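[1] sequence first, predicted model second:
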Amino acid sequence: MEREELEALVEEARRSDPDAWEVIYRHSYARLFAYARRRLPNSEQAVDAVGETFARAYEDIHRFRWRGAGLTGWLYGILRNVVFEMARSGRRESPSLELDHPETGTDASDGVIAAEEAKAVRDAFASLPSEDQELLELRVIGGLDSKAVGAVVGKRDGAVRMAQSRALQKLRKLMEEQGHE
């Protein structure tokens, strides 16, 4: 969605237009849910976190300004705070790194190999420091650019790019140590 379209939606959302909120919700939900699901122990808590994020966004849309991360980054910032609050309140157990494993070929062995590779990536990813995990989730899964991630986590975009590079190097090294290249 182009920025001009999002700007128009934000203006409509500020007037409490339910259609605008529905478009924003549909545009953002899947990526926000994926982020929350990786940070929280189950889908139910992830759904709750995203719901709370949209409730807060609805209440605070008048405070939103077009700088840095844009609307999606602003929503991620809210979600990040919700997830942290859930962790502090004890509603969080250890997160699950469940991923869907689509079949990659017609041979049954292809599915087994894909599942093993996905498990290796999950295991290596789980070994990364939480800051590296979050940064990679926001950049790769969330699809945010480095400037938007920086606005969410409180770093400059250059620092985000450097941190991403280091995190990917760590991930590659962990994969190599596990015998996966």
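    Arrived safely, thanks for sending. Here the structure is a predicted model, which means the values were calculated and not measured.
[2] what's the separation between the residue positioned nearest the centre of the chain and residue 177?
    Centroid-nearest residue in the chain: residue 35, 3.1 Å away (criterion: C-alpha atoms, centre = their mean). To residue 177, residue 35 is 27 Å away according to C-beta to C-beta, to the nearest Å. (C-beta placed from N, C-alpha, C; glycine too.)
[3] residues in contact with the residue nearest to residue 39 when sequence neighbours are not counted?
    Among residues not flanking residue 39 along the chain, residue 83 sits closest, at 4.8 Å (C-beta to C-beta, 6 or more residues apart in numbering). Counting by C-beta atoms under 8 Å, 6 or more residues apart in numbering, residue 83 makes contact with 36, 39-40, 49, 92.
[4] where does residue 25 land on pLDDT?
    Looking at residue 25, its pLDDT stands at 92.
[5] since we're on it, how many residues are nearby?
    16 (other C-beta atoms under 10 Å).
[6] now the strand or helix carrying it - C-alpha only, CSV.
    Using DSSP states H and E, residue 25 sits within helix 18-39. The C-alpha trace of helix 18-39 is given here as CSV (Å, rounded to 0.1, in the frame of the first residue of the first chain):
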residue,chain,number,x,y,z
PRO,A,18,-14.7,1.8,10.8
ASP,A,19,-13.9,1.0,7.1
ALA,A,20,-10.5,2.7,7.4
TRP,A,21,-9.8,0.7,10.6
GLU,A,22,-10.8,-2.5,8.8
VAL,A,23,-8.4,-1.7,6.0
ILE,A,24,-5.5,-0.9,8.4
TYR,A,25,-6.3,-4.1,10.3
ARG,A,26,-6.3,-6.3,7.2
HIS,A,27,-3.2,-4.6,5.9
SER,A,28,-1.2,-5.2,9.2
TYR,A,29,-2.7,-8.1,11.0
ALA,A,30,-0.8,-11.0,9.5
ARG,A,31,2.7,-9.5,10.0
LEU,A,32,1.8,-8.3,13.5
PHE,A,33,0.4,-11.7,14.5
ALA,A,34,3.5,-13.4,13.1
TYR,A,35,5.7,-11.2,15.3
ALA,A,36,3.6,-11.7,18.4
ARG,A,37,3.4,-15.4,17.8
ARG,A,38,7.1,-15.8,17.8
ARG,A,39,7.4,-13.7,21.0
